[in-house]
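In: Structure of the sequence below:
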Amino acid sequence: MSDDAILFDVTDGLAHLTLNRPARLNAVDPEAIGLWQSLAHEIADRDDILAVLFDANGRAFCAGGDVLAMSALGSGEGRGDASAHSTGEVVRALADRIHDGHRVLRESTKPIVAAVQGPVAGGGLGFMLVADIIVASDHATFASRYSDIALTPDCGVSTLLPEAIGTRRALELTLTSRTLSASEALDWGLVAEVVAPDALDTRAREIADSWLSGATAAFGQTKRLMRSGLTRDFQDALDDEARTIGAAIETPAAQAAIAAFATGRRIDH
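Out: Below you'll find the model as predicted:
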């Protein structure tokens, strides 16, 4: 297996993105952050990528940012580096790179399913919530931990978490040391499904395959409309919907599905 911080493969239209720092609970360091940003742009730009499966190696899904690794890049103490940036400047620059990757994936027309096998903490919540559908193992847990280390949310958590579970619950999770079980996360709407550990990979792949074998272009445009509709004027969203469905109805996939519907047949994807 490669020792890259993030593994990446594309097969038959499916991009497989895997966090690969299991010894550090998949906390992202500068190498992983650089890969995340560049791979996000590659996924968005490549026409041969139609959907994304996002998972992680090891016992944890993601513990957010590797604070120790980031801090070590700071003041340059002991290195005689007079031009070194402060730790705060370094962390801000790295956060900007993570956020750019998140934005690109969220705005893309590539639907993303995440398979969460274990604990998620801090900024790991933001990485997870970039996905459009989240399937969790019943061994997974979910916590903020920001308050434990006197830090504030990053990795999109301040936007993505309230969007997923509501502001009140997001505040409870980020202002306390509460840890959610997988069943609680399902009840709160943080994840879409909870399955047994040995069924996780299969279930996530089933969802990805359903996108690849179905009305793939329509799925991608649906994702784009839903995501962008949260941050823009209602009339702009309505105009975009009208343009998009006007284009969609002329596609061969839509024409075949409509014809089948009209005759009482069903097209199995």
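In: Run through who's touching the helix or strand hosting residue 206.
Out: Using DSSP states H and E, residue 206 maps to helix 200-213. If you take CB atoms under 8 Å, 6 or more residues apart in numbering as the criterion, helix 200-213 is touched by 12-14, 50-53, 55, 111, 113-117, 133, 135-137, 193, 195, 219, 269. The way it works is simple: take the backbone N, C-alpha and C, and place the C-beta from them, glycine included.
In: List only buried entries from those.
Out: Buried members of the contacts of helix 200-213, scored by 16 or more other CB atoms under 10 Å, are 13-14, 50-53, 55, 111, 113-117, 135-137, 195, 219.
In: Which of the contacts of helix 200-213 fall in helices?
Out: residue 219 (DSSP state H).
In: quick one: residue 250 is in a strand?
Out: No: with DSSP: H, G, I helix; E, B strand; the rest coil as the criterion, residue 250 is coil rather than part of a strand.
In: Spit out the contact partners of residue 181.
Out: Residue 181 sits next to residue 141 when contact means CB under 8 Å, 6+ apart.
In: What residues are bridge-paired with it?
Out: Counting by DSSP bridges, residue 181 is bridged to residue 141.
In: and the gap between it and residue 16?
Out: 27 Å (CB to CB, to the nearest Å).
In: and if you look at residue 27?
Out: From residue 27 over to residue 16 (counting by CB to CB), the distance is 21 Å.
In: Give me the more crowded residue out of the two.
Out: More crowded of residue 27 and residue 16, by other CB atoms under 10 Å: residue 27, with 23 against 15.
In: so what's that one scoring on pLDDT?
Out: We have a pLDDT of 94 for residue 27.
In: my guess is it meets residue 63, correct?
Out: Yes: Residue 27 is within contact range of residue 63, at 4.2 Å (criterion: CB atoms under 8 Å).
In: what's the overlap in contacts for the two?
Out: Common neighbours of residue 27 and residue 63 (CB under 8 Å, 6+ apart) are residue 124.
In: hmm, back to that, in the helix holding residue 206, what's buried?
Out: 200, 201, 203, 204, 205, 207, 208, 209, 211.
In: try stretch 40-60
Out: For stretch 40-60, by 16+ other CB under 10 Å, it's 40, 43-44, 49-57, 60.
In: Greatest separation within the residues you listed: which pair is it?
Out: Comparing every pair within those by CB to CB identifies 50 and 60 as the most remote, at 28.7 Å.
In: thinking residue 43 is in contact with residue 107, fair?
Out: No: with contact defined as CB under 8 Å, residue 43 does not count as touching residue 107 (11.3 Å).
In: returning to what we had before: using JSON lines, lay out the buried residues of helix 200-213 together with distance to residue 144 and pLDDT.
Out: Formatted as JSON lines, these follow (distance: CB to CB, whole Å; pLDDT from 0 to 100):
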{"residue": "200", "distance to residue 144": "23", "pLDDT": "98"}
{"residue": "201", "distance to residue 144": "27", "pLDDT": "97"}
{"residue": "203", "distance to residue 144": "26", "pLDDT": "98"}
{"residue": "204", "distance to residue 144": "24", "pLDDT": "98"}
{"residue": "205", "distance to residue 144": "29", "pLDDT": "98"}
{"residue": "207", "distance to residue 144": "27", "pLDDT": "97"}
{"residue": "208", "distance to residue 144": "28", "pLDDT": "97"}
{"residue": "209", "distance to residue 144": "33", "pLDDT": "96"}
{"residue": "211", "distance to residue 144": "30", "pLDDT": "94"}
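In: Having no further points to raise, I will conclude here.
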